[in-house]
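Engineer: sequence? don't have it. structure:
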């Protein structure tokens, strides 16, 4: 391994790698935020919905969780364009990861909600809270403690799954790295570097999650 | 009744045929007009295979494939830079054409009959062949030594439908390891996971120039294949246009553009096409 050559090439490639990292963060953040919002509604529907709604949502969750993310990405990019919805590679990729994230968050939220004793909801009803108020003021704060650790786990999964967008041509960190490798042929060095950056990114997410966990934990 | 039925069928068929002819000849539906109206060309190509298509240190896509797209953009708009690139993997070449993600694809695409059933190829702009790259200080001196070694050797090759068959045409007993990209293939050679790398003559030459004295050519080339751009099938007007541009790049007014690109990426000066009788009918 030629270290000084690697450092020189790393410096030469800093702008393209940084823009790749920026794309990775943007894709992951957008997918996690959108997927979580959608996932909360799915979790609610799964827990409190009518029977027919629960059936539909169950199908949605099982279908998405049972499909490889890679297949989801290809489907969002190619199948949607056949039926007339022409998304860019970036949009299709974010859509696929959002759907994937929502199915996982939906399950997490459902699990957290049914773990809360029914007495809580009954107490909220008896003091006259609406369902919306019950959810926001009574259930969600308690569910959040259950949700957070697995939710952070899902976020790191999404960061890793974002590498698959390179296949449909989104220049995120992995494809940016591959482009540098194809020019410099320093594959070992740059793949190690990319792996280290992904680790750092996920380490930061996990630490942030831990910090929030400590903040909201009941002493 | 039977007569009336026949008449009705004939009428419907005539109407269908007439409308088909009508839509095929309507210029406003051609990709050519769409691209002209849009003001830029959407070119599908890769970004990880020099000297065909790669991102240079100034963060720009370059290479011979990219230059073929630039030639078409120049013909369309008088400006070779009016291109939006779709950086796609090799697997995405045909799907991106068929689903209209790109106007055309130039991505070292080997012309095969199977592919020609799914997309339409332009005329070829390069004839590729395969050679064997060895380490200069390796155990095998040349092609004959490799062939004599039989199944003791492993050959690294870029992933391809014909990869295994292709290597075995030259080295019938060798093990074949397929890799996703050129750099991984060279890495296999460097690390001793493979004794030789079977790769395109163009890439081999380019790599040897970049790393003098480290590698050698085994001195045997085989497997001719044509590289063409691809377009979505069913648009003769657009296909004809791209064909004309490529043809004139290789033989006519745009020859200097083509020749300069050829020199840059393959290190070879081309002779000016002979004036007089058209060179392509020789």
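Structural biologist: Thanks, I have it. Because the structure is a prediction, the values reported are computed rather than measured.

Engineer: give me the three-state assignment for residue B:86.
Structural biologist: The three-state label given to residue B:86 by DSSP: H, G, I helix; E, B strand; the rest coil is strand.

Engineer: check contacts around it.
Structural biologist: By CB atoms under 8 Å, 6 or more residues apart in numbering or on different chains, the residues touching residue B:86 are A:89, A:169, B:42, B:43, B:44, B:45, B:96, B:101, B:102. Glycine gets a C-beta too; all of them are placed from N, C-alpha and C.

Engineer: do residue B:100 as well
Structural biologist: Residue B:100 touches A:81, A:86, B:232, counting by CB under 8 Å, 6+ apart.

Engineer: and the contacts of residue B:86, which is the shakiest by pLDDT?
Structural biologist: Of all the contacts of residue B:86, residue A:169 carries the smallest pLDDT score, 88.

Engineer: how about the residues of chain A that lie near chain B?
Structural biologist: A:12-13, A:15-16, A:78, A:81-82, A:86, A:89, A:166-169, A:171, A:175, A:178-183, A:185, A:187-188 (CB under 8 Å from any CB of the partner chain).

Engineer: assign a three-state SS to residue 128, would you?
Structural biologist: Using chain A. coil.

Engineer: the chain in question should be chain B.
Structural biologist: Classification of residue B:128 using three-state DSSP returns strand.

Engineer: circling back: and the contacts of residue B:100, which of them are buried?
Structural biologist: A:81, B:232 (16 or more other CB atoms under 10 Å in any protein chain shown).

Engineer: coming back round to it: restricted to strands, list the contacts of residue B:86.
Structural biologist: B:42, B:43, B:44, B:45 (DSSP state E).

Engineer: my guess is the last one meets residue B:105, correct?
Structural biologist: Yes: the pair residue B:45 / residue B:105 is scored as a contact, 6.8 Å apart, by CB atoms under 8 Å.

Engineer: now do the shared contacts for these two.
Structural biologist: residue B:88.

Engineer: what is the nearest of the ones in strands among the contacts of residue B:86 to chain A?
Structural biologist: Taking CB to the nearest CB as the measure, chain A lies nearest residue B:44 of those, at 8.4 Å.

Engineer: count the residues that sit near the closest one.
Structural biologist: Using other CB atoms under 10 Å in any protein chain shown, residue B:44 is surrounded by 28 other residues.

Engineer: repeat for residue B:53
Structural biologist: 29.

Engineer: bridging residues for it?
Structural biologist: Listed by DSSP bridges, the beta-bridge partners for residue B:53 are residue B:49.

Engineer: and the gap between it and residue B:45?
Structural biologist: 5 Å (CB to CB, to the nearest Å).

Engineer: could you do residue A:139 as well?
Structural biologist: For residue A:139, the distance to residue B:45 (CB to CB) stands at 52 Å.

Engineer: closest to the centroid, which residue in chain B?
Structural biologist: Centroid check for chain B by CA atoms, centre = their mean gives residue B:108 as the closest residue, at 2.4 Å.

Engineer: isn't that residue right next to residue B:65, touching?
Structural biologist: Yes: counting by CB under 8 Å, residue B:108 sits close enough to residue B:65 to count as a contact (6.1 Å).

Engineer: overlap in contacts of these two?
Structural biologist: B:46, B:52, B:53.

Engineer: so which strand or helix has residue 33?
Structural biologist: Picked chain A for this. helix A:14-48 (DSSP states H and E).

Engineer: if you could check chain B rather than the one you did, that'd help
Structural biologist: Per DSSP H and E, residue B:33 falls inside helix B:31-38.

Engineer: elements contacting that helix?
Structural biologist: Applying 3 or more CB pairs under 8 Å, 6 or more residues apart in numbering or on different chains; DSSP states H and E, one finds that helix B:31-38 contacts helix B:64-77, helix B:236-251.

Engineer: just to revisit the earlier point, will you turn the ones in strands among the contacts of residue B:86 into JSON lines that also has distance to chain A?
Structural biologist: Compiled in JSON lines, these are given as follows (distance: CB to the nearest CB, whole Å):
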{"residue": "B:42", "distance to chain A": "11"}
{"residue": "B:43", "distance to chain A": "12"}
{"residue": "B:44", "distance to chain A": "8"}
{"residue": "B:45", "distance to chain A": "10"}
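
Engineer: show me where the chain has its helices.
Structural biologist: Reading this off chain A. A:3-12, A:14-48, A:51-65, A:69-74, A:80-82, A:89-115, A:118-126, A:131-133, A:140-161, A:173-184, A:187-216 (DSSP state H).

Engineer: right idea, wrong chain: chain B
Structural biologist: B:2-25, B:31-38, B:64-77, B:93-98, B:113-116, B:143-148, B:163-170, B:182-190, B:201-210, B:236-251, B:255-266.
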